[in-house]
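J.: fold the following, please.
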Amino acid sequence: MDRVNESDLEWNETDRGDTRFRRKQLAEEAGGEGIGCSLYELPPESGSWPYHYHTGNEEALYVLSGTGVLRGEEEKHDLRAGEYVALPVGEAGAHRVINDSEEPLRYLAISTMRDPDVTVYPDADAIGVFAGSPPGGREERSVEGFFEREDAREFWDLQS
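T.: Below is the predicted model:
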């Protein structure tokens with residue numbers, strides 16, 4: 001049984017437009033394989049990963065401190081400390097966490113670590129493909145890429 005204390009880990013930071021957060025990959029650091037768990041901290045007026053859903057992995061959120069908004073498939077929901085949200089596989093689990101407050105928002109993001117996975121980004125009309133290591137995994141991938149859906153081709157059109 002491996003374990004890790006979050007205070008012993010360095011933050012990984014992402015800063016791309018309104019996507020700004022700090023992350024510590026707890027499960028991976030503790031040797032977890034089938035379940036992922038990351039600690040996220042969103043500064044005021046920022047968001048997590050762009051609005052998306054997974055076709056192969058279920059996710060969940062548990063809010064530790066702060067407040068924010070969870071953008072879902074059809075509406076937005078307020079988030080506050082102590083709330084747990086299940087995000088099923090598929091469109092019904094589409095989400096983005098937004099910190100619309102003046103204080104940091106801290107939460108755990110938990111997920112199955114199934115491989116392969118396709119992540120759908122409805123706002124960008126794009127998909128991400130992952131094989132060899134699931135989203136959030138650090139292993140080398142045999143297949144990985146992001147594609148605009150308008151670039152899709154029929155299989156036989158590619159055979160020339």
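
J.: measure stretch 17-36 end to end?
T.: With Cα to Cα, to the nearest Å applied, stretch 17-36 spans 26 Å between its terminal residues.

J.: residue contacts, the closest residue to Arg3 other than its chain neighbours?
T.: Once flanking residues are discounted, Arg3 sits nearest to Ala30: 5.5 Å by Cβ to Cβ, 6 or more residues apart in numbering. All C-beta atoms are positioned from the backbone trio N, CA, C, and that covers glycine. Counting by Cβ atoms under 8 Å, 6 or more residues apart in numbering, Ala30 touches 2-4.

J.: what's the spacing between Ala30 and Trp11?
T.: From Ala30 over to Trp11 the distance is 17 Å, taken as Cβ to Cβ, to the nearest Å.

J.: any stretches of this structure with poor pLDDT?
T.: 160 (pLDDT under 70).

J.: quick one, what contacts the residue positioned nearest the centre of the chain?
T.: What sits nearest the mean C-alpha location of the chain, by Cα atoms, centre = their mean, is Trp49, with 5.9 Å. Going by Cβ under 8 Å, 6+ apart, Trp49 touches 19, 96.

J.: give me that answer again for 10 Å
T.: 14, 16, 19, 21, 40, 95-97, 109, 119, 121, 135 (Cβ atoms under 10 Å, 6 or more residues apart in numbering).

J.: buried ones among those?
T.: Neighbour counting by 16 or more other Cβ atoms under 10 Å classes 21, 40, 95-97, 109, 119, 121, 135 among these as buried.

J.: which stretches of this protein form strands?
T.: 12-16, 19-25, 35-42, 46-47, 53-54, 59-65, 67-71, 76-80, 84-87, 96-99, 105-112, 117-121, 126-131, 143-148 (DSSP state E).
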